[in-house]
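S.K.: have a look; sequence and predicted model below, questions after that.
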Amino acid sequence: MSTENSFDICSKIDMAELNNAINQAEKEIDTRFDFKNSKSSIKLEKEELVLVSDDEFKLQNVVDILTSKMAKRGISLKNMEHGKVEPAAMTTVRQRITLKQGISQEDAKKINILIRDSKLKVTSQIQGDQIRVTGKNRDDLQKIMQIVKQADLPLELQFNNFRG
């Protein structure tokens, strides 16, 4: 039996869960006393979140509320890149949070090096913003998953399309 087994390593944010977390955070902001008459909001614009509030302290509270709702919904905070707090219209402040989708070339190369250094009989190839790992032995593929999980990488990874 010489069939090839494979799986894909990718990094994606579940946008439906993210929308749910944003809605929950907005509901909490609407009901909290310390945000009464506040101009606080959270908007999702393509690949980034735009947070607006009256001042930096309230903006930080908005970020805290959002991140707690995201964590409860299983969305990793590793895939978020916080921008600088900047002044916005009508004496408010704004912060953009970039959502990282897919594996960058730099991170993909690091993962490939990890896989190569494991000395297991598998091959890996970068395919756009994900990595395909193939090998004959399923146990080797599962060991690769463990090695990649234990590596301290700056993004959340998922393992999809396990084929055997």
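M.R.: Right, received. Where do you want to start? Residues are numbered from 1 along each chain as shown.

S.K.: quick one, domains of the protein?
M.R.: For the chain, automatic domain parsing gives the domain ranges 5-12+103-163, 15-99.

S.K.: could I get the ones you listed as JSON lines with mean pLDDT and mean neighbour count?
M.R.: To be clear about C-beta, it is placed using only N, CA and C from the backbone, and glycine gets the same treatment. Supplementary listing: the domains of the chain in JSON lines, determined by pLDDT from 0 to 100; neighbours: other CB atoms under 10 Å:
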{"stretch": "domain 5-12+103-163", "mean pLDDT": "89", "mean neighbour count": "15"}
{"stretch": "domain 15-99", "mean pLDDT": "91", "mean neighbour count": "15"}
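
S.K.: any figure for the gap between the spatially closest residue to residue 82 that is not a sequence neighbour and residue 134?
M.R.: For residue 82, ignoring the flanking residues on the chain, the nearest one in space by CB to CB, 6 or more residues apart in numbering is residue 97 at 5.4 Å. Using CB to CB, to the nearest Å, residue 97 is found at 35 Å from residue 134.

S.K.: likewise residue 13?
M.R.: Counting by CB to CB - residue 13 and residue 134 are separated by 26 Å.

S.K.: from the chain's centroid, how far away is the helix or strand harbouring residue 60?
M.R.: Following DSSP states H and E, one finds residue 60 within helix 56-72. Here helix 56-72 shows a centroid-to-chain-centroid distance of 16 Å under the convention CA atoms, centre = their mean, to the nearest Å.

S.K.: how far off centre is stretch 82-95?
M.R.: For stretch 82-95, the distance from its own C-alpha centre to the chain's C-alpha centre is 23 Å (CA atoms, centre = their mean).

S.K.: using CSV, list the CA coordinates for it.
M.R.: What follows is stretch 82-95, C-alpha atoms only, in CSV (Å, rounded to 0.1, in the frame of the first residue of the first chain):
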residue,chain,number,x,y,z
HIS,A,82,-3.4,46.4,16.2
GLY,A,83,-2.7,49.7,14.5
LYS,A,84,-1.9,53.0,16.2
VAL,A,85,-4.6,55.0,17.9
GLU,A,86,-5.3,58.1,15.8
PRO,A,87,-7.6,61.1,16.2
ALA,A,88,-10.8,60.9,14.2
ALA,A,89,-13.8,63.2,13.5
MET,A,90,-15.7,65.0,16.2
THR,A,91,-13.2,64.6,19.0
THR,A,92,-13.1,60.8,18.8
VAL,A,93,-10.2,58.4,18.4
ARG,A,94,-9.9,55.5,16.0
GLN,A,95,-7.9,52.3,15.9
